[in-house]
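1. structure of the sequence below:
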Amino acid sequence: MARLRPRRLAIWLMAAAAAVALLAVGGAFVYIHFISGPAPAPLGLKVGASPSATTTGTRTEPAASSGSLAGNWRVTAGSVVGYRVNEVLAGQQNVAVGRTSQISGSMTITGGSVTAAQFTVQMATIRSDESQRDAQFNGRIMDTSAFPTGTLKLTGPIALAPLPAAGVIKSYHAAADLTLHGQTRPVTFALQAERTGGGIEVSGSIPVVFASWGISNPSFPPFVTTQNHGELEFLVKLATG
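-> Reported below is the predicted structural model:
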């Protein structure tokens, strides 16, 4: 009997380890699917959501163009910027999303083109649904105390002509300098824009490979692993002034 004790102990230890692993996976599943809930949908413009659209019968028609868009435009309430990263949490697939409305900036339209634009985000105000994730984001990942802001500055014009009517969503391409974690890199990306009753709304996403900006991979082994890239997503609302 004495010879079986070490073997029994090993079996019990293996069973305990398996139980802990099962609880970890089960706990992550419960948290993701029942407590945390699904990740917020990607930021984007909603077709037919413009208050300037007019309705004829059962069909929604965009209102007529209200003329030139030339002038200076500033960021206004309702703007949102954030990140979206695929992660594996204790074996469960998850999407980490953090967002903030602390955005400032402006855009200049001359004639039929966007000739200048620059936006600044207060990085420490970005929040997700998990305080521990936010602590990692503000600390070892983005070091927001040393690099408190992120900026996006247009480096080439965006031709808008022909100018869209109100309520019409159009797609464009932009080139800009993106500064994150104290490092600036050129980026090109697609965006969508819509003239609304209150101004202009612009939405899009920019792929970010973490190493390109000297950003630590968000992975926190062995509990959380992520891809080596994510997306910066934005929905910016602008008004004249």
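2. quick one: mean pLDDT over stretch 71-90.
-> Averaging pLDDT along stretch 71-90 gives 93.
3. okay, now residue 162: neighbour count?
-> 9 (other CB atoms under 10 Å). The C-beta positions use only the backbone N, C-alpha and C, and glycine is treated the same way.
4. in a helix, it, correct?
-> No. Using DSSP: H, G, I helix; E, B strand; the rest coil, the assignment for residue 162 is coil, not a helix.
5. got a list of what it touches?
-> Under the criterion of CB atoms under 8 Å, 6 or more residues apart in numbering, the neighbours of residue 162 are residue 112.
6. report the separation between it and residue 72.
-> Residue 162 sits 22 Å away from residue 72, taking CB to CB, to the nearest Å as the criterion.
7. next: residue 210.
-> Taking CB to CB, one finds residue 210 at 34 Å from residue 72.
8. and the two? which has more neighbours close in?
-> residue 210 (20 against 12).
9. from what I can see the more buried one touches residue 230, true?
-> Yes. Contact criterion CB atoms under 8 Å: residue 210 and residue 230 qualify, at 7.3 Å.
10. and for these two, which residues touch both?
-> residue 218.
11. where do the strands of this protein begin and end?
-> 54-56, 59-61, 71-75, 80-89, 92-100, 103-110, 113-122, 149-154, 158-159, 169-180, 183-196, 199-209, 224-226, 229-240 (DSSP state E).
12. tell me the mean pLDDT over stretch 227-241?
-> On average, stretch 227-241 scores 95.
13. tell me the gap between that stretch and the middle of its chain.
-> For stretch 227-241, the distance from its own C-alpha centre to the chain's C-alpha centre is 6 Å (CA atoms, centre = their mean, to the nearest Å).
14. for it, which positions count as buried?
-> 230, 231, 232, 233, 234, 235, 236, 237, 238 (16 or more other CB atoms under 10 Å).
15. which residue lies closest in space to the first one, excluding its sequence neighbours?
-> Nearest non-adjacent residue to residue 230, counting by CB to CB, 6 or more residues apart in numbering: residue 85, 3.7 Å away.
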